[in-house]
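Enquirer: Next comes the sequence, and after it the predicted model I'd like to discuss.
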Amino acid sequence: MVNETDRTMQTEELIAELQDFRSEVITKYPKKVAKKREKSIVLSDADNPPQIQANVRTIPGIITQRGCTYAGCKGVVLGPTRDIVNITHGPIGCGFYSWLTRRNQTKPENDTQENFITYCFSTDMQDSNIVFGGEEKLKQAIREAYELFHPKAIAVFSTCPVGLIGDDVHRVSRQMKEEIGNGINIFGFSCEGYRGVSQSAGHHIANNGLFKNLIGRDDEVRGSLKYRVNLLGEYNIGGDAFELERVFEKCSIHLISTFSGNSTVQGFENAHTADLNMVMCHRSINYVAEMMETAFGIPWIKVQPIGANSTAKMLRKIAQYFGEQELIDRVEEVIAEEMKEVEAVRQKIHAKTKGKKAMLFVGGSRAHHYQDLFEELGMVTVAAGYEFGHRDDYEGRRVIPTIQIDADSRNIEEITVSKDETRYQPRKSEDEMKKLEAEGMEFNEYHGLMEQMEKGALVIDDLSHYEMEKLIERYKPDVFCAGIKEKFVVQKMGIPLKQLHNYDSGGPYAGFKGAINFYKDIEQMVCAAIWQEIKAPWESEAYVEAQFAY
């Protein structure tokens, strides 16, 4: 048995090695590349977070795990909405993200409600459309979509060729909205893949489009529950939103809309009637949270329903915000009831997972969120980073005023949001807000990934394939969390990889029951002896290895 002191010493030794790893990797790059990459590989320090270079263009020649702007707009934010027909305007290859790849789920309330998530809509642009323009083909696609499905809304997404030839999806959308009539809402997104450095730009563009075209179009206050909230940045991967909906309903909390897991047009249009916005994925949805506060007076808080303890903390935050004893008592009852099963499973598994090492390189929040679940299992996160994070996702929102606006950021439309003169209504008085803040509740705040990381742990933005291989070769983590692009290479190296973009075939992992599912899945992965028997093909076969000459 290894006692706690020995375990602490092992962790400290590992952190020291990780510090050496940074220098080792950087020196292998050509000088210009090394100069840039060293700014994106830092050693975490929660007390004094170092400045990290993030949201910059990937260096040509480096194998990145990022997606494009179109993928962020259509594939992430708008894709999970079941009753919008989302048309990709571009070649059929770009239709990959017209068909959802992240296992986003939805659940219509009855058999008559629309569900277009299973469809893939594309204009299938050909050579002639690139030469002569594709607007007429887009108009015909919109007509066909309406004739076949009669949706409430149609959204059009630009791809790279569309931006290059100058097709105007916004003008076409306006023309077709007028032509079809019948109250249909048709709108476009200028989300060409090259418009930003990663899918993050697409998130921002999607947020702008949601606010301009959907949010605030329906003023009817629905539902009998008085504790009205929105959950922003939850995409119902593997059924996460279903579990959170169950928990909210059990606590008598009315979830008006989720952006955008299990979402509907009506939910978006009615979202401004909520009394509190909760931001889960800060990077993908913080823009909408700020817009809704400015326009309608809805405050927002950062929440983290990944992990049982974090879910309990979220529910207590909601109860504290509304401040009614009835809700406070109900939340505590639900937490006590749910945690019994959670703790029973965790205790059974903890002894097997305690002290094992995890590495997380996922998205723009998940590499942070899932550290809570690993902590509950007694595991240590020794290295982490985001594919498309910004500095504030690492260092906290306090650094936003110091972030330099670069050329790529200027490609994204900045919309001006002002107070809605007829519907702006502060949900809390100034004194009530000050009282809540004095009690420890933080509004408009996110402290970022580094605050939770062990001092000296590696934080790497836009992890390259080379860096990933070297991390695994040297430290042999017990589990590596990433996406499909990395999955099979990592597993060939004898390391189990857990996809946290789409959960492979698992999930849900949010909420209380999600935590139980995660505990069990990780136990199976990190305790399986078969991984030790796997040897990568390139380790057993001869190959030629080149060196940089500079």
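Expert: On my side now, so go ahead.
Enquirer: Now residue 485: which helix or strand?
Expert: In this structure, residue 485 sits in helix 484-492 according to DSSP states H and E.
Enquirer: Just the mean pLDDT for that helix, thanks.
Expert: If you average the pLDDT over helix 484-492, you get 93.
Enquirer: name the helices or strands packed onto that helix?
Expert: Helix 484-492 sits against helix 465-475, strand 479-482, strand 497-499, with contacts defined as 3 or more CB pairs under 8 Å, 6 or more residues apart in numbering; DSSP states H and E. The way it works is simple: take the backbone N, C-alpha and C, and place the C-beta from them, glycine included.
Enquirer: ok, the last one: who's next to it in the sheet?
Expert: I take that to be strand 497-499. Strand 497-499 has the following strand partners under DSSP bridges: strand 479-482 (parallel).
Enquirer: Give me the contacts around the partner strand.
Expert: Contacts with strand 479-482, where a contact means CB atoms under 8 Å, 6 or more residues apart in numbering, come from 65, 356-362, 366-367, 370, 379, 468, 472, 486, 490, 495-501, 522, 525-526.
Enquirer: just to revisit the earlier point, out of the helices and strands packed on helix 484-492, which is closest to residue 255?
Expert: strand 497-499 (26.5 Å; CB to CB).
Enquirer: List the contacts of the closest one.
Expert: 479-484, 486-487, 490-491, 504, 521-522, 525.
Enquirer: Okay, buried residues for it please.
Expert: 497, 498, 499 (16 or more other CB atoms under 10 Å).
Enquirer: Residue ranges in the chain under the pLDDT threshold?
Expert: Within the chain, the ranges that satisfy pLDDT under 70 run 1-15, 407, 542-543, 548-550.
Enquirer: which residue ranges form the helices in the stretch 51-200 of the chain?
Expert: Using DSSP state H, counting those that start in this stretch, the helices of the stretch 51-200 of the chain run over 69-70, 127-132, 135-149, 160-165, 169-180, 199-213.
Enquirer: Nearest to residue 272, out of the helices and strands packed on helix 484-492?
Expert: For these, the distance to residue 272 is smallest for strand 497-499, at 34.7 Å, taking CB to CB.
Enquirer: Could you give the separation of that closest one from the chain centroid?
Expert: 16 Å (CA atoms, centre = their mean, to the nearest Å).
Enquirer: Then stretch 48-56?
Expert: How far stretch 48-56 lies from its chain's middle: 19 Å, per CA atoms, centre = their mean.
Enquirer: just how off-centre is stretch 255-270 within its chain?
Expert: What separates the centre of stretch 255-270 from the centre of its chain is 17 Å, taken as CA atoms, centre = their mean.
Enquirer: Just the terminal-to-terminal distance for it.
Expert: 11 Å (CA to CA, to the nearest Å).
Enquirer: can you check stretch 527-541 too?
Expert: 28 Å.
Enquirer: what does it rub up against?
Expert: Contact with stretch 527-541 is made by 352, 353, 491, 492, 493, 494, 495, 496, as judged by CB under 8 Å, 6+ apart.
Enquirer: Any idea how many residues pack against the fifth one?
Expert: Spelled out, that is residue 493. For residue 493, the count of nearby residues is 20 (other CB atoms under 10 Å).
Enquirer: now swap in the last one and tell me
Expert: A total of 22 residues lie near residue 496 under the criterion other CB under 10 Å.
Enquirer: Quick check, it in contact with residue 504.
Expert: No. Taking contacts as CB atoms under 8 Å, residue 496 lies outside contact range of residue 504: 10.6 Å.
Enquirer: In CSV: the helices and strands packed on helix 484-492, plus distance to residue 104.
Expert: As requested, those are exported to CSV (distance: least, CB to CB, whole Å):
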stretch, distance to residue 104
helix 465-475, 26
strand 479-482, 19
strand 497-499, 14
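Enquirer: hey, which of those is tucked in deepest?
Expert: Of all those, strand 479-482 carries the top mean neighbour count, a mean of 24, counting by mean count of other CB atoms under 10 Å.
Enquirer: So what does the nearest residue to residue 214 once chain neighbours are set aside look like in phi/psi?
Expert: Nearest in space to residue 214, with sequence neighbours left out and distances taken as CB to CB, 6 or more residues apart in numbering, is residue 268 at 4.1 Å. Note on residue 268: its backbone torsions stand at phi -60, psi -50 [degrees, to the nearest 10].
Enquirer: Can you tell me the number of residues neighbouring residue 268?
Expert: By other CB under 10 Å, neighbour count at residue 268 equals 27.
Enquirer: Now do it against residue 522, distance only.
Expert: Going from residue 268 to residue 522 by CB to CB, to the nearest Å gives 35 Å.
Enquirer: now do residue 168
Expert: 49 Å.
Enquirer: between the two, which one's more packed in?
Expert: Neighbours per residue (other CB under 10 Å) separate residue 168 from residue 522, with residue 522 holding more: 27 against 16.
Enquirer: my guess is the more buried one meets residue 352, correct?
Expert: No. In this structure, residue 522 is not within contact of residue 352 by CB under 8 Å, at 9.6 Å.
Enquirer: Quick check: residue 219 vs residue 20, distance?
Expert: Look at residue 219 and residue 20: by CB to CB, they are 60 Å apart.
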